[in-house]
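Undergrad: model the following, please.
(chains A and B, ligands or ions: 1)
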Amino acid sequence: MITALIDPTFDSWLKKARELLQGGVYPEQIDWVDATREASLLQEGPIRPKHDAPAVKVPSDFVQLAETVCAHRDERRFAVLYRLLHRLTLGGERHLLKHPSDPDTRQCQIWAKAVGRDIHKMHAFVRFRLIGTDEPTGREQFVAWFEPEHRIVKLACPFFQKRFANMDWSILTPDECAIWDGETLAYLPGVSRLEAPPADAHDDLWRTYYRSVFNPARLKVQAMQSEMPVKYWKNLPEAQIIPSLIAGSDQRVQRMLSSPERPLKPAPDNAYLHSLKTRRANPSVSETHSPTH
Amino acid sequence: MELMRKLEILADAAKYDASCASSGAQRKDSRTGKGVGSTGGMGICHSYTPDGRCVSLLKVLLTNSCLYDCHYCINRRSSDVQRARFTPEEVVQLTLDFYKRNYIEGLFLSSGIVRNADHTMEQVIEVARQLREVHDFRGYIHLKTIPEASQALIDKAGTYADRISINIELPTQASLDQLAPEKNIANTKVAMNGIRARIDEVQDARKQARRIMGRPRAKPPTFATGQSTQMIVGADTSSDSVVLHRADELYRDHRLRRVYYGGFSPIPAPSVILPIKPPPLVREHRLYQADWLLRFYGFGVSELVPQSHPDLDLELDPKLSWALRNRALFPVDINRAPRDLLWRVPGLGTVNVERILSARRFSRLHLADLQRMRVSLKKVMPFIMTADHRPRVATLENDHLRLQFLPGPRQLEFDFNPKASATAADALMVRSGQL
Ligand code: SF4
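TA: Numbering: from 1, shown residues only, chains lettered A, B, ... in the order given. Coordinates of the predicted model:
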């Protein structure tokens, strides 16, 4: 058995996986260990590269998949990825990734999908808070706190760089923080929630908007929750008022239904309204495409 | 009036418009500019309200004063809601403030009609102009246009917006005459054609600009990349067949990106002409499913709503209803059938069809393979053959096959008939009929 000690990151895994593959090591012989957790207790076994073996080429679509999968928190991911890689290359199953009912391929696709979804939700649910303006440059400075489900900060943040290139921002998370100053996107270790600013003056306006666009006559709480799971709520300013919106909706609908019907008001004497009567487009032209029913 | 109160009124006034998409825009971002914003690729829903709807854009009216009298609308001139008006600067500031906090993808601006169509359009365009030209805003802008506005103004709106739309509102002129007397379907179609021509023209020009080699690249013109519309469902008596034929026409002849179906929703100040009813949520959902089948699965309108069935089955999804009416085509052989036949199998989506096509190149597929692709076996089994499965002929011929797919008894209690007059209790029941 070989113990493969790695940081739980894509780069670290890929480097080690290449070495092992070059050494012709079989997936069953490897114990993948997160060095940041159990490092002190374990010693890495030696890998003897086979000097005569030709260099193994790792296919690029696998590399892409592996980068996403590595961000997942499932502890089995490194082992399954290596098995997939081994089968793809030394095992000769070159079309494996195109085989959607293969259990290893399928598992990696499921993980990749979960990570992709988490990235998408991070793009959606990060909320920036204004903390000030940088005097010399006049750039506004924003800070956000977010708790992603997977280790996706590096995969998710280039999006914010493109979108908010002209403001300074940091996104703090328990795993890793991203900081943009207009020139470089830097990554620092994770911090605690206490480091993040608690609220923004605009949260109230935002909640007002959220309350006003809600239609109480179409309550569908499950539909909301499947797209915006409760685990994200604690960091969304608008989520605070969800319970009261739901609780008050019955009454609002009752009020609408019992509200008296309003009489018609005559059209005002407006030149434009008069002109509408004569400006109807020629119906024979427009109805040439009329639906056939 | 203070800003918060205006926001309350003018967001409430805009919420009955179902469209909120922010996808399909030209790729652009803030790195080469002075402001904020990016678009391109998938749209993002930044939040969801308890009605299950996505919050993607700041969707407001510039004003809810209106000369028209559309009886389904809270803003019609006969309504007694409180009126408010944003200044263009206020909307611009709100959009930027919300955008920088990552609350939204951009702005969806519409307006009640004041003075006349051109005047109203000018106000709406001014907001978009300031966002783009003064603040170099590169987020998403969707502008609602008025069919009676001049072509020059509609063109101008299109140069600032990523998407423009005109609501068709109701599927026939007869219904409009009754419920939205100022609106005219012929005018709307003429305006949609005008927009379509500009979209095509600009896309051609962009292609040519890309083709010019060896010369400094001419800056291609910019124009909205698509138009969409909304049809209100359940306010008039049009059948699903009428609604879907109209939608199909809009997709084919006017190349709309999206038709939204907005179930007519109770409003706080109902009109004598149009008593309120519970929103036809299930019908709306079935229409979206049928719309999807029209656009992505190769179905024709008359297959989904044949003359014998002018309305969609509320209890079953439209593909399943179609399959039950066309049992002779089944079972379909998963290992042999071409793509367009696989698309027609109830329970198989386009993604799974691609997976099947890919997987069957390597081995003959068994039920277990489908299960690993997360296909619902219960739903597909009566309609397919695999290496280890063949439905008994009797199953397909059995009259009870339909019953097997009906929802559980609890949901059957609901009265979904949208044309029945409803009590308050009905309304509450329908509201909880989640899909
Ligand atoms: S034109 Fe009709 S639908 Fe639009 S705001 Fe006025 S009344 Fe409402």
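Undergrad: in the stretch 201-350 of chain B, which spans are strands?
TA: For the stretch 201-350 of chain B, applying DSSP state E, counting those that start in this stretch gives strands covering B:226-233, B:258-263, B:332-333.
Undergrad: same question but for the stretch 1-150 of chain A, I mixed them up
TA: Taking DSSP E, counting those that start in this stretch as the criterion, the stretch 1-150 of chain A contains strands spanning A:2-6, A:30-34, A:129-133, A:140-145.
Undergrad: the residue of the stretch 151-300 of chain B found nearest the ligand: how many residues sit nearby?
TA: Proximity of the stretch 151-300 of chain B to the ligand (Cβ to the nearest ligand atom) peaks at residue B:180, 6.0 Å away. To be clear about C-beta, it is placed using only N, CA and C from the backbone, and glycine gets the same treatment. Neighbourhood size, residue B:180 [other Cβ atoms under 10 Å in any protein chain shown]: 22.
Undergrad: so what's it closest to, chain neighbours aside?
TA: Spatial nearest neighbour of residue B:180, excluding adjacent residues (Cβ to Cβ, 6 or more residues apart in numbering or on different chains): residue B:70 at 4.0 Å.
Undergrad: burial of the nearest residue to residue B:72 once chain neighbours are set aside, as a residue count?
TA: Closest residue to residue B:72 in three dimensions, ignoring its sequence neighbours and counting by Cβ to Cβ, 6+ apart: residue B:235, at 4.7 Å. Residue B:235: 26 surrounding residues under other Cβ under 10 Å.
Undergrad: just the one 10 residues further on next, same as before
TA: Under the neighbour criterion other Cβ under 10 Å, residue B:245 is assigned a count of 20.
Undergrad: hmm, back to that, between the strands of the stretch 201-350 of chain B, which one is nearest to chain A?
TA: Closest of the strands of the stretch 201-350 of chain B to chain A is strand B:258-263, at 7.6 Å (criterion: Cβ to the nearest Cβ).
Undergrad: list the neighbouring strands of that closest one plus their orientation.
TA: Strand B:258-263 sits in its sheet next to strand B:226-233 (parallel), going by DSSP bridges.
Undergrad: residues of the stretch 1-150 of chain B that sit close to the ligand?
TA: Taking Cβ under 6 Å from any ligand atom, the part of the stretch 1-150 of chain B that reaches the ligand is made up of B:66, B:68, B:70, B:73, B:75-76, B:112-113.
Undergrad: and the residues you listed as CSV, adding secondary structure, pLDDT and neighbour count?
TA: Written out in CSV, the entries for these read as follows (DSSP: H, G, I helix; E, B strand; the rest coil; pLDDT from 0 to 100; neighbours: other Cβ atoms under 10 Å in any protein chain shown):
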residue, secondary structure, pLDDT, neighbour count
B:66, coil, 96, 23
B:68, coil, 94, 19
B:70, coil, 94, 26
B:73, coil, 93, 25
B:75, coil, 94, 27
B:76, coil, 94, 26
B:112, coil, 96, 21
B:113, coil, 95, 23
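Undergrad: correct me, but the residue nearest to residue B:180 touches residue B:175?
TA: No. Between residue B:70 and residue B:175 there is no contact, the gap being 11.2 Å when judged by Cβ atoms under 8 Å.
Undergrad: OK, contacts around the closest residue to residue B:244 other than its chain neighbours?
TA: Spatial nearest neighbour of residue B:244, excluding adjacent residues (Cβ to Cβ, 6+ apart): residue B:301 at 4.9 Å. In this structure, residue B:301 makes contact with B:241, B:244-245, B:248, B:294, judged by Cβ atoms under 8 Å, 6 or more residues apart in numbering or on different chains.
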